[in-house]
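Enquirer: sharing a model that was predicted from the sequence below.
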Amino acid sequence: MAGLVAKRYGTAIFELAKEKDAVETLENEIIILEEAFKMMDLKDFLGNPKVPMTEKVTVLESSLSDKISHDLMGLLVLLVEKGRYQEMDKIFEEVLELIDVHHGRVKAYVTSADVLTEDQKFKLIHQLAKETKKEVIPIYEIDESLIGGLIIRIGDRIVDNSIKGHMHSLSKVLMATKIES
């Protein structure tokens with residue numbers, strides 16, 4: 001979950017892009033920025049207290065101005081000047097979530113004990129899309145401690161249909177029964 005700073009900045013840049021009918025462009029630029037920050041060690045550079053602020057801004061502008069919009073560059077410069085560059089990942093995440101909502105997409109975090117077959121994935125995503133009435137973007141994880149079954153998280157809704165989850169629920173019932181006895 002994004003923090004308050006990420007929500008404010010993320011919402012601001014998203015709304016600006018929406019006003020300009022540039023949501024798809026913003027999405028592409030955020031993806032470009034995420035890759036650039038991974039490849040170029042920009043975070044280390046921006047976090048270096050020995051580098052003057054003007055040099056940080058100059059490097060940002062010279063390395064990214066031809067790849068992203070003026071509005072997004074303005075946000076990056078503002079974050080650097082305010083010392084909030086460490087929030088960029090969370091801001092990017094917030095913007096991408098807002099874009100997903102805008103396009104009627106939802107991320108489904110699916111945790112299973114074993115790797116799901118393609119057929120199982122297809123059926124699961126088809127069912128989730130039917131229930132949510134949205135395009136489902138699945139993110140799969142493996143957790144062998146589940147023993148079997150699935151845990152599915154979409155937004156703040158969690159469905160735990162794992163054996164581990166059932167055993168935990170059963171142990172709660174048994175503990176409550178002991179306490180009442």
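Expert: Here it is on my side, so go on. These figures come from a predicted structure and were not determined experimentally.
Enquirer: and the most centrally placed residue in the chain, what helix or strand is that in?
Expert: The residue lying closest to the centre of the chain (C-alpha atoms, centre = their mean) is residue 93, at 4.3 Å. Assigned by DSSP states H and E, residue 93 belongs to helix 88-102.
Enquirer: contacts for the helix or strand immediately after that helix in the chain next, please.
Expert: For helix 88-102, the following helix or strand on the C-terminal side (DSSP H and E) is strand 105-112. In this structure, residues lying in contact with strand 105-112 by C-beta atoms under 8 Å, 6 or more residues apart in numbering are 97, 100, 116, 124-125, 128, 132, 134-143, 146, 149-155, 162. The C-beta positions use only the backbone N, C-alpha and C, and glycine is treated the same way.
Enquirer: now the residues you listed: which count as buried?
Expert: 97, 100, 116, 124-125, 128, 132, 134, 136, 146, 150-154, 162 (16 or more other C-beta atoms under 10 Å).
Enquirer: next, count neighbours for residue 65.
Expert: Using other C-beta atoms under 10 Å, residue 65 has 13 neighbouring residues.
Enquirer: excluding sequence neighbours, find me the nearest residue to it.
Expert: Distance criterion C-beta to C-beta, 6 or more residues apart in numbering; nearest residue to residue 65, sequence neighbours excluded, is residue 73 at 5.7 Å.
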